[in-house]
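**Student:** what would the 3D arrangement of this be:
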Amino acid sequence: MNTSRLLGCLADEFALLRDAVAATDPAATVPSCPEWTVGDLAEHVAYVYLHKTESIRRGVAPDPWPSEKLDSDPVTALADTYARLTATFAAHSPGDHAYTWHEPDQTVGFWIRRMAHETVIHRVDAQLAAGLPVSAIPADIAIDGIDEMLKLFVGYGSTQWADDFGPLLDSPDERPVSVSTSHHAWTLTATKAGVEVSDAATGFGGDALVSGEATPLLLWLYNRAGDETVRLSGDRELLGQFHALRTAGTQ
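**Tutor:** Here you go, the predicted model:
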């Protein structure tokens with residue numbers, strides 16, 4: 001996606017995240033991440049922002065980590081680290097070097113995209129915790145988020161961090177699964193070497209199909225929405241394998 005569009009999304013989504021955290025008791029449980037409180041959620045996002053800032057500044061993986069303590073107030077910690085992150089983005093071109101965990105893309109632009117989508121998902125968490133209506137995710141952002149999740153966290157992740165996927169790829173069902181919105185489609189094939197993910201012309205080329213509008217499909221992929229929000233068809237065992245793979249990819 002266009003970098004300016006992603007930066008605009010990041011700004012909008014951060015404002016929603018900050019407002020939801022500010023409206024909630026830090027001790028409140030996050031329904032979509034029940035092991036977390038709102039304070040934990042804010043701390044997680046703040047440290048993520050700080051880590052990416054340091055990854056760009058140093059050009060290597062920050063070590064030791066964490067390098068500093070956050071402000072004890074969740075909203076202040078978020079605001080401080082967000083300001084540092086966006087100032088770092090503003091001081092660089094998207095093509096400038098940065099350390100990232102995605103070997104093919106060692107650029108600042110990688111983190112701009114990643115932080116936009118990280119903030120989308122966690123502001124949904126914060127709004128759920130606050131009991132607020134979940135704000136709509138723009139369709140282009142949701143589609144790009146689906147693309148990133150499938151290709152990076154399931155596809156690339158399954159080849160780089162096989163331990164996270166446990167025995168899922170020891171003897172996988174190699175029939176294709178289609179994932180489809182009204183604007184874009186993907187095909188995923190599990191192999192012993194990892195999950196192969198490719199763009200598809202339509203969403204009807206696999207033995208199982210997950211389809212829906214972009215926003216609910218994105219939230220379903222991240223386990224922030226139930227099966228009733230998407231359409232599931234085809235082989236149930238193959239769908240079960242895909243569910244396990246997407247869950248492993250987003251731990």
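**Student:** show me what Ser178 is bridged to.
**Tutor:** Counting by DSSP bridges, Ser178 forms beta bridges with Thr187, Leu209.
**Student:** and it, how close does it get to Asn223?
**Tutor:** 20 Å (C-beta to C-beta, to the nearest Å). All C-beta atoms are positioned from the backbone trio N, CA, C, and that covers glycine.
**Student:** of those two, give the one with the bigger neighbour count.
**Tutor:** Neighbours were tallied for Ser178 and for Asn223 using other C-beta atoms under 10 Å; the higher tally belongs to Ser178 (22 against 15).
**Student:** hmm, that one is touching Leu217, no?
**Tutor:** No. Counting by C-beta atoms under 8 Å, Ser178 does not reach Leu217; the two are 12.0 Å apart.
**Student:** intersection of neighbour lists for those two?
**Tutor:** Jointly contacting Ser178 and Leu217 under the rule C-beta atoms under 8 Å, 6 or more residues apart in numbering are 210-211.
**Student:** residues near the nearest residue to Pro133 once chain neighbours are set aside, how many?
**Tutor:** Spatial nearest neighbour of Pro133, excluding adjacent residues (C-beta to C-beta, 6 or more residues apart in numbering): Gln127 at 7.2 Å. The criterion is other C-beta under 10 Å. On that basis, Gln127 has 21 neighbouring residues.
**Student:** now for Gln127: which residues touch it?
**Tutor:** Residues near Gln127 by C-beta under 8 Å, 6+ apart: 16, 20, 133-135.
**Student:** pretty sure Gly249 sits against Tyr156.
**Tutor:** No. With contacts counted by C-beta under 8 Å, Gly249 stays clear of Tyr156, the gap being 9.2 Å.
**Student:** the stretch 151-251 of the chain: strands as residue ranges?
**Tutor:** Counting by DSSP state E, counting those that start in this stretch, the segments of the stretch 151-251 of the chain that form strands are 177-180, 185-191, 194-200, 208-211, 231-234.
**Student:** pairing partners for the third one, with directions?
**Tutor:** Looking back up the chat, that one is strand 194-200. strand 185-191 (antiparallel).
**Student:** touching the strand it pairs with from outside, list them.
**Tutor:** By C-beta under 8 Å, 6+ apart, the residues outside strand 185-191 that reach it are 146-147, 150-151, 154-155, 158, 168-169, 172-180, 195-203, 205-206, 241-242, 245.
**Student:** over to stretch 63-79?
**Tutor:** Counting contacts by C-beta under 8 Å, 6+ apart, the residues outside stretch 63-79 that touch it are 14, 17-18, 21-22, 26, 38-39, 42-43, 45-47, 49-51, 54, 80-81.
**Student:** how about 7 Å then?
**Tutor:** By C-beta atoms under 7 Å, 6 or more residues apart in numbering, the residues outside stretch 63-79 that reach it are 18, 21-22, 26, 38-39, 42-43, 45-47, 51, 54, 80.
**Student:** tell me which residues of it come out buried.
**Tutor:** Within stretch 63-79, the residues that qualify as buried by neighbour count (16 or more other C-beta atoms under 10 Å) are 70, 74-75, 77-79.
**Student:** do the same with stretch 25-42
**Tutor:** Applying a neighbour-count criterion of 16+ other C-beta under 10 Å, one finds 26, 28-30, 32-33, 36-42 buried in stretch 25-42.
**Student:** so how far is Glu237 from Met1?
**Tutor:** Distance from Met1 to Glu237, counting by C-beta to C-beta: 35 Å.
**Student:** these two: which is more packed in?
**Tutor:** Ranked by neighbour count (other C-beta under 10 Å), Met1 and Glu237 place Met1 first, with 17 against 12.
**Student:** checking the nearest residue to that one once chain neighbours are set aside next. Helix, strand or coil?
**Tutor:** On the basis of C-beta to C-beta, 6+ apart, the spatially nearest residue to Met1 that is not a chain neighbour turns out to be Asp144, at 4.9 Å. Reduced to three states with DSSP: H, G, I helix; E, B strand; the rest coil, the structure at Asp144 is helix.
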